[in-house]
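>>> I need the structure of the sequence given here:
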Amino acid sequence: MAPNETDDTTTAGEVEEPRAGRRKAARYVVPVTVMGVAAATIGLVPALADSGDPDLPDVTAAQLIEKIAQSDVERLSGTVKITTDLGLPDLGGLESGLLSGAAGGEDGEGGSSADPSGRLTELASGTHTLRVAVDGPDRQKLSLLENAAEYSLIHNGKDVWGYDSASNEVYHTTVDEADAEERSAQQPPATPKDFAEEALKAVDDTTSVKVDGTAQVAGRDAYRLVVEPKQSGSTVGAVSIAVDSETGMPLKFTLTPSSGGSAVVDVGFTKVSFDRPDASTFAFTPPKGAKVTEDTEQDRGHGDFGGKPERGPKSEEDLAKGFDGLRMLGEGWNSIATFDTGAGAGLPTEEAGDLGGFLGSLGDQVKGDFGKGTVFSTRLVNALITEDGKVYVGTVTKDALVKAAEAGK
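Numbers count the residues shown, from 1 in each chain. Reported below is the predicted structural model:
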């Protein structure tokens, strides 16, 4: 057994765990959040730079989980690499147009190329390099480095600025500092620490958690914490978290699928410092000649960065409020969320013309006692939409979704 490697497994009985309903909902929310990692990963997302296995004191999985929980890092700066490979179909650029339209409002017009609600969706696929800086809850900066250009998102006190150097466009809005603590609690997971905490909420008797040796990430000594489903049938292979041995902060988060191959999500620091960034890092003045778009209170309401966020789902009951009778089927990592769209019908069929044929080409057609349906697959999350408008979704195989639909009839 390698130094610091342990074969102990931690389940919910060894650490303080949330209620069972929260665990099941968290397990469902985490992979869905991962699908939207581009929009969520706006802050302290970190990547990898291994350079040997350091010799660190032995720790148990329970001790390492507690170290993560007690981590209170509020200041840092560094360079981040993020790679996302969900295995989404190639839409020939169509998805970019849809996302740009969403950023510009319901009519898809009048948007700014500096609006973060559109720009950060670029992180949903491919490999990207970012620079991040954080000085407490009121000052953060993220810069997305591009070829001969840069996009920056800056939060400094009440002001939030977005700047696209390629188009010389600026986005500006303000946030209420009085709501800062509430806003922070409501934001979806955005950092390795956030993802790690959500993943650890899913720990129960169907989960194995162990310390699997050590590593160096961005020149810092770290422990490897590995979370794996004990059950078969899940699309999740393992979650690996590199935890800084000194601060307890997760430096790297990697999620690999059970099908093998490259990671679905791999984010981590290549350089990191926990010193306070210079105050000038967060200062911003629109460049001369830049087009400035002001996002006012009246303009908000579609999930923009500057708007007040909706509270993240914290239980099955909260999740169900947004759907018609959402239920969780099964247990552990094989849990499946199901709800009725209320439409009384599924997706358009080929008989409906080009749209039906296009949508059908993106999924696999299935049938059974429940009727017919379409399964849309990624390397992590699969969803079945039946012809009568019911939806089954989870980090499970296509066969598991079909069986769930069969059982629901």
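
>>> Next one: the nearest residue to residue 142 once chain neighbours are set aside, what pLDDT does it get?
Nearest residue to residue 142, sequence neighbours excluded (Cβ to Cβ, 6 or more residues apart in numbering): residue 153, at 4.9 Å. The way it works is simple: take the backbone N, C-alpha and C, and place the C-beta from them, glycine included. Listed pLDDT for residue 153 reads 92.

>>> quick one: the nearest residue to residue 260 once chain neighbours are set aside and residue 252, what's the gap?
Leaving aside its chain neighbours, residue 260 sits nearest to residue 237 (7.3 Å; criterion: Cβ to Cβ, 6+ apart). Relative to residue 252, residue 237 is positioned 16 Å away (Cβ to Cβ, to the nearest Å).

>>> Need the pLDDT of the residue nearest to residue 71 when sequence neighbours are not counted.
Nearest residue to residue 71, sequence neighbours excluded (Cβ to Cβ, 6+ apart): residue 248, at 3.6 Å. The score at residue 248 is 95. That number is its pLDDT.

>>> three-state assignment of residue 248?
The three-state assignment at residue 248 reads coil, by DSSP: H, G, I helix; E, B strand; the rest coil.

>>> What segments of this structure are helices?
Along the chain, counting by DSSP state H, helices occupy 20-35, 37-40, 61-70, 94-103, 116-119, 180-186, 192-201, 316-320, 354-361, 398-407.

>>> Against which helices or strands is the fifth one packed?
On a contact count with 3 or more Cβ pairs under 8 Å, 6 or more residues apart in numbering; DSSP states H and E, helix 116-119 meets helix 94-103, strand 149-156, strand 159-164.

>>> Select from these the stretch with the lowest mean pLDDT.
helix 94-103 (a mean of 45).

>>> Name the residues of stretch 266-286 that are buried.
Residues of stretch 266-286 classed as buried by neighbour count (16 or more other Cβ atoms under 10 Å): 266-270, 272, 274, 276-277, 281-282, 284.

>>> With stretch 142-162 instead?
142-144, 151-156, 160-162.

>>> which one of the residues you listed is nearest residue 376?
Checking those against residue 376 with Cβ to Cβ, the nearest one is residue 144 at 28.0 Å.

>>> contacting residues around that closest one?
By Cβ atoms under 8 Å, 6 or more residues apart in numbering, residue 144 lies in contact with 119-120, 122-123, 128-130, 150-152.

>>> Using PyMOL, define a selection of the buried residues within those residues.
Applying 16+ other Cβ under 10 Å to these, the buried members can be selected in PyMOL as follows:
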select buried, resi 119+120+122+123+128+130+151+152
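
>>> Turn the contacts of residue 144 into CSV, including distance to residue 205.
What follows is these, written out as CSV (distance: Cβ to Cβ, whole Å):
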residue, distance to residue 205
119, 42
120, 37
122, 39
123, 34
128, 38
129, 40
130, 38
150, 47
151, 44
152, 45
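
>>> before we move on, back to that, of residue 237 and residue 252, who's got more company?
Legend: neighbour count by other Cβ atoms under 10 Å for residue 237 and residue 252, higher for residue 252 (27 against 19).

>>> Tell me if I'm right that the more buried one and residue 241 touch.
Yes: contact criterion Cβ atoms under 8 Å: residue 252 and residue 241 qualify, at 7.1 Å.

>>> Below-threshold pLDDT in the chain: ranges please.
1-52, 88-110, 177-195, 297-324, 342-362, 409 (pLDDT under 70).

>>> Swap in 80 and give it another go.
1-52, 88-111, 117-121, 123-124, 176-204, 296-325, 341-363, 408-409 (pLDDT under 80).

>>> Tell me who's in contact with residue 254.
Residues in contact with residue 254, defined by Cβ under 8 Å, 6+ apart, are 48, 239-241, 263, 265-268.

>>> and of those residues, the nearest to residue 388?
residue 265 (33.4 Å).

>>> Which residue ranges of the stretch 151-300 of the chain form strands?
Ranges of strands within the stretch 151-300 of the chain are 159-164, 169-174, 207-217, 220-229, 236-244, 250-257, 265-273, 291-294, based on DSSP state E, counting those that start in this stretch.

>>> Just give the number of residues close to residue 205.
Residue 205: 10 neighbours (other Cβ under 10 Å).

>>> How about residue 70?
Counted with other Cβ under 10 Å, residues neighbouring residue 70 total 9.

>>> again, but for residue 245
Every residue meeting other Cβ under 10 Å relative to residue 245 is counted, giving 19.

>>> from memory it sits against residue 223, does it?
Yes: counting by Cβ under 8 Å, residue 245 touches residue 223, with 6.0 Å between them.

>>> so what sits against both of these two?
Counting by Cβ under 8 Å, 6+ apart, the residues touching both residue 245 and residue 223 are 56, 214.

>>> State the pair within the buried residues of stretch 142-162 that is farthest apart.
144 and 156 (17.9 Å).

>>> can you tell me which residues contact the residue nearest to residue 405 when sequence neighbours are not counted?
Using Cβ to Cβ, 6+ apart and skipping the chain neighbours, the partner closest in space to residue 405 is residue 370 (4.2 Å). Residue 370 makes contact with 386, 390, 405-406, 408-409 under the criterion Cβ under 8 Å, 6+ apart.

>>> Drop anything exposed from those.
The neighbour count (16+ other Cβ under 10 Å) marks 386, 390, 405 as buried among the contacts of residue 370.

>>> Check the spacing between the second one and residue 364 real quick.
Right, the one you point to is residue 390. 17 Å.

>>> And for residue 211?
39 Å.

>>> cool, and residue 389?
From residue 389 to residue 364 the distance is 18 Å (Cβ to Cβ).

>>> Likewise for residue 253?
In this view, residue 253 and residue 364 are 30 Å apart by Cβ to Cβ.

>>> same question, residue 118
Counting by Cβ to Cβ, the gap from residue 118 to residue 364 is 30 Å.

>>> Going by how many neighbours each has, rank the two and give me the top one.
Legend: neighbour count by other Cβ under 10 Å for residue 118 and residue 364, higher for residue 118 (22 against 13).

>>> Please tell me I have it right and that one contacts residue 151.
No: assessed by Cβ under 8 Å, residue 118 is found out of contact with residue 151, at 10.4 Å.
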